[in-house]
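> Give me a model of this one.
(2 chains)
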Amino acid sequence: GEDVEQSLFLSVREGDSSVINCTYTDSSSTYLYWYKQEPGAGLQLLTYIFSNMDMKQDQRLTVLLNKKDKHLSLRIADTQTGDSAIYFCAERNFNKFYFGSGTKLNVKP
Amino acid sequence: GAGVSQSPSNKVTEKGKDVELRCDPISGHTALYWYRQSLGQGLEFLIYFQGNSAPDKSGLPSDRFSAERTGGSVSTLTIQRTQQEDSAVYLCASSLGGGGEKLFFGSGTQLSVL
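Modelled structure (predicted):
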C-alpha cells in the first residue's frame, strides 16, 4: 500500500528557513499536498503541487518535488512563531489521500 | 456552509455505549472522507463517500464502526459498543469530487471513552 514518511520533529529559530521533508512510495500519485495543523484544530491546506511540476512557490512557501526519488519538501522562509504547528505531507491517488504522521515544527523566538 | 462542520466538538462516553459523530461538508462537495487521528499519530483513513454511496470502506477498523450519508450532504459515523482504544480525534473532510483536488477538513470530534 501507499506509505508516506516524515521526520517527527524540527526545531528552528525565528527568522530562519525551515525545510520539512517527506518521502512517498506511490509513483502514480497525481497531487501532493502540505497541510498544517494547529493545536485543537483540523488540517488546513497550505499548498499543493501537481505531480508533473517540480517546484511551486507561494509567498513564503516553496514546494520542491523530486519525482524520481519520490521526495517532497516544504520550505518556509523567514519562519515565525505562528508557524509552529504540525505539518502533514499527503499524496493523492485517484480518490484516496494518504497522509504522513506529521512533522512537529517548533519555532524558537 | 462556509466550511466543513463537525459536531460535537468533544464527546466523552462510557465504554460499551454507542456514539454518533456528525459531519456537514462544504455545500456542493460530493466527496466526503472520515479519518481518525490518535494521539501523536498521523491520519488513519476510515471511509470515503461519493454522493451517498461508499465505494471504499476499507479503513473501518471493525464491524462496530459504520457510516452513512444522506442527501449527498450530511454524514454520520456511528461507533457501537465503544472501547477505550476508540478514543481519538475523528476528522471529516470534503472535496468537490470528480477530480476536485483539494481536501478541506473540519475541526474534528475529540472522542474520549472512559
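
> make it CA atoms for all contacts and neighbour counts henceforth
Will do.

> Low-confidence stretches in chain B?
Along chain B, segments meeting pLDDT under 70 span B:1, B:98-100.

> Contact residues of it facing chain A?
Contacts of chain B with chain A, taken as CA under 8 Å from any CA of the partner chain, map to B:40-45, B:48, B:91, B:97, B:99, B:101-108.

> so of the residues you listed, which ones are in strands?
B:Leu43, B:Glu44, B:Phe45, B:Tyr48, B:Leu91, B:Phe104, B:Phe105 (DSSP state E).

> from these, which two are the most distant?
B:Glu44 and B:Phe104 (15.9 Å; CA to CA).

> still on that earlier bit, just the buried subset of the residues of chain B next to chain A, written out for ChimeraX, thanks.
Buried members of the residues of chain B next to chain A, defined by 16 or more other CA atoms under 10 Å in any protein chain shown, are picked up in ChimeraX with:
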select /B:42,43,44,45,48,91,97,101,102,103,104,105,106,107,108
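
> Closest to A:Ser73 out of the ones in strands among the residues of chain B next to chain A?
Closest to A:Ser73, out of all of those and judged by CA to CA, is B:Leu43, at 19.1 Å.

> which residues touch the closest one?
A:Phe99, A:Gly100, A:Ser101, B:Tyr35, B:Arg36, B:Gln37 (CA atoms under 8 Å, 6 or more residues apart in numbering or on different chains).
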